[in-house]
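*Asks:* Structure here, sequence nowhere to be found:
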């Protein structure tokens, strides 16, 4: 398969190099390294903004757990099931840490608010993640791959943070999420690489259609989420949409082994 012979391996280093290239092309005001160490939360308003931000993060992770728990019983593939068993455990642990941290700082268990936010994901995503195996792949792309650039840029421009959350993120979440991305790619390639050229063309067309549907479904959420992140952490979001769109094109081109120039016009996060 030409993909394994002509393309660089997908690694965290490859991700950073690609994102830095996109910054230079689309939003050069973003830094390529962290410019300053963020300060700790201090005011009541900052803590409230942090709680909302992290409750959203816990909901994101718990939604992934719920989707993967449904799919693990729907797709009879031991390789996928073994991978999903790790993804479920990791994201469940991430959500639980966040719940406990917000509880510790606020004095209130945020589980009901987390539950409400999870339901929002089900509402705007509909049945897409569990419709079929390609719908699930589109879900994994949106919840694991397409968000990488925004997470990297947020980490570089954050000015306010909770040290305990930052420590857990760097020591646990970051390596776990990298393993998830590599696992998604490995499972995809195990399917896609075995297909004939005609089958690949059909699979690619179907995945692009589903990925576009996912983008349209997520656009309102992403715009709101970025504002929440900005208020909670001070992270720069001006120009983020251009990087998000460009990174998404890079991801799809890599997964489908299609030159970026040959991808169709894609839905923008700004739409």
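*Replies:* Ah, there it is. From a predicted model like this one, the values you see are computed outputs, not experimental measurements.
*Asks:* so where is this structure shaky, pLDDT-wise?
*Replies:* Residue ranges of the chain with pLDDT under 70: 1-5.
*Asks:* quick one, helices of it?
*Replies:* Along the chain, counting by DSSP state H, helices occupy 2-6, 12-26, 44-71, 78-106, 111-125, 128-131, 133-140, 148-157, 163-168, 174-192, 197-233, 240-256.
*Asks:* quick one: the longest one to helix 44-71, angle?
*Replies:* It refers to helix 197-233. Counting by axes from the mean of the first three to the mean of the last three CA atoms, to 10 degrees, helix 197-233 lies at 160 degrees to helix 44-71.
*Asks:* now helix 197-233 against helix 111-125, angle please.
*Replies:* With the same axes, to 10 degrees defining the directions, helix 197-233 sits at 140 degrees from helix 111-125.
*Asks:* Please name every helix or strand in contact with helix 197-233.
*Replies:* Secondary-structure packing of helix 197-233 (3 or more CB pairs under 8 Å, 6 or more residues apart in numbering; DSSP states H and E): helix 44-71, helix 111-125, helix 128-131, helix 133-140, helix 148-157, strand 160-161, helix 174-192, helix 240-256. Just so you know, the C-beta spots here come from the backbone N, C-alpha and C atoms, and that holds for glycine as well.
*Asks:* which of the residues in that helix are buried?
*Replies:* Along helix 197-233, these residues count as buried under the neighbour rule (16 or more other CB atoms under 10 Å): 200, 203-204, 207-208, 210-215, 217-219, 221-222, 225-226, 228-233.
*Asks:* same deal with stretch 121-140?
*Replies:* In stretch 121-140, counting by 16+ other CB under 10 Å, buried: 121, 125, 128-130, 133-140.
*Asks:* Serialize those residues to CSV and add fields for distance to residue 93.
*Replies:* Converted to CSV, the buried residues of stretch 121-140 look like this (distance: CB to CB, whole Å):
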residue, distance to residue 93
121, 19
125, 23
128, 25
129, 21
130, 23
133, 26
134, 28
135, 26
136, 22
137, 24
138, 25
139, 20
140, 19
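*Asks:* ok, those vs residue 23, which is closest?
*Replies:* Using CB to CB, residue 140 comes nearest to residue 23 of the buried residues of stretch 121-140, at 24.9 Å.
*Asks:* Could you check how far that closest one is from residue 210?
*Replies:* 11 Å (CB to CB, to the nearest Å).
*Asks:* Residue 108 now?
*Replies:* Distance of residue 108 to residue 210, given as CB to CB: 38 Å.
*Asks:* Residue 253 now?
*Replies:* For residue 253, the distance to residue 210 equals 16 Å [CB to CB].
*Asks:* With residue 223 instead?
*Replies:* Counting by CB to CB - residue 223 and residue 210 are separated by 21 Å.
*Asks:* Tell me who's in contact with residue 45.
*Replies:* Counting by CB atoms under 8 Å, 6 or more residues apart in numbering, residue 45 makes contact with nothing.
*Asks:* Also residue 180?
*Replies:* 86-87, 90-91, 144.
*Asks:* CSV please, covering those residues and showing distance to residue 168.
*Replies:* Listed next are those as CSV, based on distance: CB to CB, whole Å:
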residue, distance to residue 168
86, 18
87, 18
90, 12
91, 13
144, 19
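*Asks:* Let me have the residues you listed in TSV, adding distance to residue 40 and neighbour count as columns.
*Replies:* Below are the contacts of residue 180 laid out as TSV (distance: CB to CB, whole Å; neighbours: other CB atoms under 10 Å):
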residue	distance to residue 40	neighbour count
86	32	14
87	31	22
90	27	20
91	26	26
144	29	21
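*Asks:* Let me know the closest of those residues to residue 167.
*Replies:* Residue 167 lies nearest to residue 90 out of these, by CB to CB, at 16.8 Å.
*Asks:* Excluding chain neighbours, give the residue nearest to the closest one in space.
*Replies:* The shortest distance from residue 90 to any non-neighbouring residue, by CB to CB, 6 or more residues apart in numbering, is to residue 176 (4.3 Å).
*Asks:* What distance do you get for that neighbour to residue 61?
*Replies:* Note on residue 176: its distance to residue 61, by CB to CB, is 10 Å.
*Asks:* For these two, indicate the residue with more neighbours.
*Replies:* Legend: neighbour count by other CB atoms under 10 Å for residue 176 and residue 61, higher for residue 61 (25 against 17).
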